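Colleague: I'll drop the sequence and a predicted model, then ask my questions.
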Amino acid sequence: MFCYTALPLFSAEAYLVALKATVFKAELQIADLDRNYYQTHALTLAQHPSETDERMLLRLLAFALNAGEFLQFGRGISATDEPDLWARDLTGAIDLWIDLGQPEEKRVRRACGRARQVVIYAYGGTAAESWWRQNAGRLAGLGNLAVYNVPQAQSRQLASLTQRSMQLQCTVQDGLVWLADTATQVQVEPQRWLPA
């Protein structure tokens, strides 16, 4: 007699394992002459399976540009209730909320209501420019919002620094950023869109 038992093709646990983040380690030495900030940070970055190397290195760049005692990475791309990076004070209040890409206007407004300061680093070339044209007027009145654009050629070059274990030096001076390892140096000049 033939017995047939239906088995799930893909269990929930196997699905979660398949979507497990890749862990990267980075030792980031920051010399920010614009903010008079000099510090070395040992960082762990979890790269979601849908996150590109370019986006992960943009998170690292955003960390370098806003580094401080309480700045940390959010839970990642799949967490809709958290930013890419944030800093909370000892009471849990959000001092700084940082998002990458082209967030929806509703998300930006909600972030501005929750955090003392919100910073967006847009990227993606014409997609980022189109997003800004559509949202600039509606977001301009938010007094605690800053928006920067990372030019596409520069953001793509950042991906060349990706390694499972990275030792990076970041120098910031007059709005210019140099991010380098022992073999490669990338220069980034974020364009300030808001405040103009």
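Modeller: Noted; the coordinates are in hand.
Colleague: all strands for the protein, in order.
Modeller: Applying DSSP state E to the chain gives strands spanning 22-32, 37-47, 71-73, 85-88, 94-100, 115-123, 145-150, 165-173, 176-180, 185-188, 191-194.
Colleague: I'd like these written out as a markdown table, with mean neighbour count, distance to Leu139 and mean pLDDT added.
Modeller: Quick note: C-beta positions are derived from backbone N, CA and C, even for glycine. Shown next, in a markdown table, are the strands of the chain (neighbours: other CB atoms under 10 Å; distance: least, CB to CB, whole Å; pLDDT from 0 to 100):
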| stretch | mean neighbour count | distance to Leu139 | mean pLDDT |
| --- | --- | --- | --- |
| strand 22-32 | 16 | 26 | 97 |
| strand 37-47 | 14 | 27 | 96 |
| strand 71-73 | 16 | 23 | 96 |
| strand 85-88 | 20 | 19 | 97 |
| strand 94-100 | 21 | 12 | 97 |
| strand 115-123 | 23 | 9 | 98 |
| strand 145-150 | 21 | 6 | 98 |
| strand 165-173 | 16 | 25 | 98 |
| strand 176-180 | 18 | 24 | 98 |
| strand 185-188 | 17 | 23 | 98 |
| strand 191-194 | 15 | 7 | 97 |
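Colleague: In JSON lines: those, plus distance to Glu54.
Modeller: As requested, these are exported to JSON lines (distance: least, CB to CB, whole Å):
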{"stretch": "strand 22-32", "distance to Glu54": "13"}
{"stretch": "strand 37-47", "distance to Glu54": "11"}
{"stretch": "strand 71-73", "distance to Glu54": "16"}
{"stretch": "strand 85-88", "distance to Glu54": "16"}
{"stretch": "strand 94-100", "distance to Glu54": "10"}
{"stretch": "strand 115-123", "distance to Glu54": "8"}
{"stretch": "strand 145-150", "distance to Glu54": "10"}
{"stretch": "strand 165-173", "distance to Glu54": "15"}
{"stretch": "strand 176-180", "distance to Glu54": "13"}
{"stretch": "strand 185-188", "distance to Glu54": "11"}
{"stretch": "strand 191-194", "distance to Glu54": "17"}
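Colleague: how deep is Thr182 tucked in, by neighbour count?
Modeller: By other CB atoms under 10 Å, 8 other residues sit near Thr182.
Colleague: Kindly report the same for Arg35.
Modeller: For Arg35, the count of nearby residues is 12 (other CB under 10 Å).
Colleague: any idea how far Gln29 is from it?
Modeller: Here Arg35 is placed at a distance of 15 Å from Gln29 (CB to CB, to the nearest Å).
Colleague: cool, Gln187 as well?
Modeller: Separation of Gln187 from Gln29 (CB to CB) stands at 17 Å.
Colleague: and Cys170, bridged to which residues?
Modeller: Applying DSSP bridges to Cys170 gives these bridge partners: Ile30, Leu179.
Colleague: Now do the contacts for it.
Modeller: 28-32, 61, 64, 177-180 (CB atoms under 8 Å, 6 or more residues apart in numbering).
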